[in-house]
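Colleague: Here's my sequence, what's the structure:
(chains A and B)
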Amino acid sequence: MSVRVRFAPSPTGNVHIGNIRAAIFNWLFARHEGGKFLLRVEDTDLARSTKEAIDTLLECMAWLGLDYDEQVVYQSRRIERHLAVADELIRKGFAYRDNKGGGGECVIFRMPKEGRLEYTDLVKGAIRKKAEDTQDFVIVRSDGTPVFHLSNVVDDIDMEITHVIRGDDHVENTFKHIGLFKAVGAPVPHYAHLPMIVNNQGKPYSKRDGAAFVGEFKEQGYLPDALFNFLLLLGWAPGDDREVLTREEMIALFTLDRCKSSAARFDIKKLVWMNGEYIRSQPRDVFEAEFIARVRAADLSVEGTNLPGIMEHMQVRTKFYSEIPASCAYFFTEDYAFDAKGVAKRLKADGIPALLDEVAEKFAALPVFDMQTTHDVLTAMGEARNSGLGAMVHPVRVAVSGLTEGPGLFEMLALLGRDKVCARLRTVANKLRNGTL
RNA sequence: GCGCCCAUCGUCUAUCGGUUAGGACACAAGGUUUUCAUCCUUGGAAGCGGAGUUCGACUCUCCGUGGGCGCGCCA
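Modeller: Modelled structure (predicted):
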């Protein structure tokens, strides 16, 4: 029988990383097995399940490349079917009507009263429980609406789900669900329960712990492939020492028996590293396209600049696309920002304006303006002042870029070109003299 | 309270009875560099405790301890 799995979120407007990880594991399992990955939107809470909330869900999935097979199933359209199954269960004696708790008459499913309940979890192994430790539970409320357990199982039956891969918190619900499957006379699917993603305190990771929703990571400039890879490593490992994997490798390697059964702590530092890793390894043209888009989004133009040269130096030091263009605006505008600390440390000293003017003058007089000649100028000036190259380089860097970090100064100067460099040096010297910087 | 599950470096993990317990992130030191980043080298860093089983336990069993989850007419 071919594998059919599903991701069954209830749309709330946000997609939690723990939730999307369940989707990732389902997707990978389906792709590995050559089966189907289905999407079921559990939108029975109409108040929260707005069109926007559903769109957000779909966008997040598309962003991560979680494509699904077959039509999306909307649970809210299947209520009659759920209720019909409840009636059938009553007829067969698996459920009964009762006024439990005095809220009115509801439908209650009968759980076994003796013996042992057991199932084999593909991640956690054997899960056992004494029947006496379970209780009958409501499947249709007194207002006539079906409860989660009923809807969930009936939908899984109708969608012919073979493997239920979901969060750890459903481990005990599974006994109820298996009871339902058996009562309906449907084959019980295989179960695999994934451990939770927790915070530093070992508590379930929530929005109070930082970015917790897929949309937030997207906004903060994380690459979908980096998030995907990172989330996969929370609870799964290929068995060898590889960590950065292509989608193809993940699909080839993914099996449920390699999933861990203990909770995983969310460590943003590793995600940050991985994001940089992904950015660095992107093909140059992909990086360039994103780079240009970011620069243009800031109303800057890349016209007339040495883009290939800039790309070469920026790709290796970009950890987030969202840093662009702040990290390199000086390549594209004369109105670049100055880092206050850098100015205080490198430009606020006697003699700096004169130094900058002298550098500009010598640069202007150079027969050829390139890495070698500019380097020679600053080296000579440093020696003349007996102060070393660093004392020349740092002020010049801050003056021409506004920043204390970035590409090598001489590469930067060559990329900017003599005219801009000299103009900037003189402008900054003047601003320093008249106190406007 | 009752039930279920879990437990290897600070973190993510490898190990499926025999290893100097490996890798990655982070951290530290060094190399390269004018800065930052990259890259390279090196270093510190772990089997929760206690009983068993076994020639031999991180690995199997039990008891503790700690943590998580569940026990809704929420999903």
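Colleague: tell me the SS of the residue sitting furthest away from the middle of chain A?
Modeller: Most distant from the centre of chain A: A:Ala384, at 52.8 Å, with distances by Cα atoms, centre = their mean. When the structure is split into helix, strand and coil by DSSP: H, G, I helix; E, B strand; the rest coil, A:Ala384 lands in helix.
Colleague: check contacts around it.
Modeller: Neighbour list for A:Ala384: empty [criterion: Cβ atoms under 8 Å, 6 or more residues apart in numbering]. (Glycine included, C-beta is placed from N, CA and C.)
Colleague: same question, A:Asn199
Modeller: A:Tyr205, A:Ser206, A:Asp209, A:Arg265, A:Phe266.
Colleague: try A:Met274
Modeller: Taking Cβ under 8 Å, 6+ apart, we find A:Met274 in contact with A:Ala226, A:Asn229, A:Phe230, A:Glu243, A:Val244.
Colleague: any idea of the mean pLDDT for the strand or helix carrying it?
Modeller: For A:Met274, the element it lies in under DSSP states H and E is helix A:268-280. Per-residue pLDDT values across helix A:268-280 average out to 96.
Colleague: quick one: it to chain centroid distance?
Modeller: How far helix A:268-280 lies from its chain's middle: 11 Å, per Cα atoms, centre = their mean, to the nearest Å.
Colleague: Could you do stretch A:390-401 as well?
Modeller: The answer for stretch A:390-401 is 37 Å, by Cα atoms, centre = their mean.
Colleague: With stretch A:177-190 instead?
Modeller: Centroid separation between stretch A:177-190 and its chain, computed with Cα atoms, centre = their mean, is 35 Å.
Colleague: ok, and the closest non-adjacent residue to A:Lys113?
Modeller: Nearest residue to A:Lys113, sequence neighbours excluded (Cβ to Cβ, 6 or more residues apart in numbering): A:Ala131, at 5.9 Å.
Colleague: In which helix or strand does the residue nearest to A:Met371 when sequence neighbours are not counted reside?
Modeller: If the residues on either side of it in the chain are set aside, A:Met371 comes closest to A:Phe410, at 4.2 Å by Cβ to Cβ, 6+ apart. The secondary structure element spanning A:Phe410 is helix A:409-416 (assigned by DSSP H and E).
Colleague: That helix near RNA strand B anywhere?
Modeller: Yes - where contact is defined by Cβ under 7 Å from any atom of the strand, part of helix A:409-416 touches RNA strand B, namely A:Leu409, A:Phe410, A:Glu411.
Colleague: So which of these is the closest to RNA strand B?
Modeller: Within the residues of helix A:409-416 next to RNA strand B, the smallest distance to RNA strand B is 3.4 Å, found for A:Leu409 (Cβ to the nearest atom of the strand).
Colleague: Just checking, which helix or strand succeeds the helix holding A:Met274 along the chain?
Modeller: For helix A:268-280, the succeeding helix or strand toward the C-terminus, using DSSP H and E, is helix A:284-297.
Colleague: dump the residue contacts of A:Ala192.
Modeller: Each residue near A:Ala192 by Cβ under 8 Å, 6+ apart is listed here: A:Phe25, A:Phe29, A:Asp121, A:Leu122, A:Val123, A:His163, A:Val164, A:Ile165, A:Arg166, A:Leu256, A:Cys259.
Colleague: That one pairs with what?
Modeller: In this entry, A:Ala192 is beta-bridged to A:Ile165, by DSSP bridges.
Colleague: ok, now how distant is it from RNA strand B?
Modeller: 12 Å (Cβ to the nearest atom of the strand, to the nearest Å).
Colleague: how much distance is there from stretch A:355-363 to the middle of the chain?
Modeller: Mean-position distance between stretch A:355-363 and its chain equals 47 Å (Cα atoms, centre = their mean).
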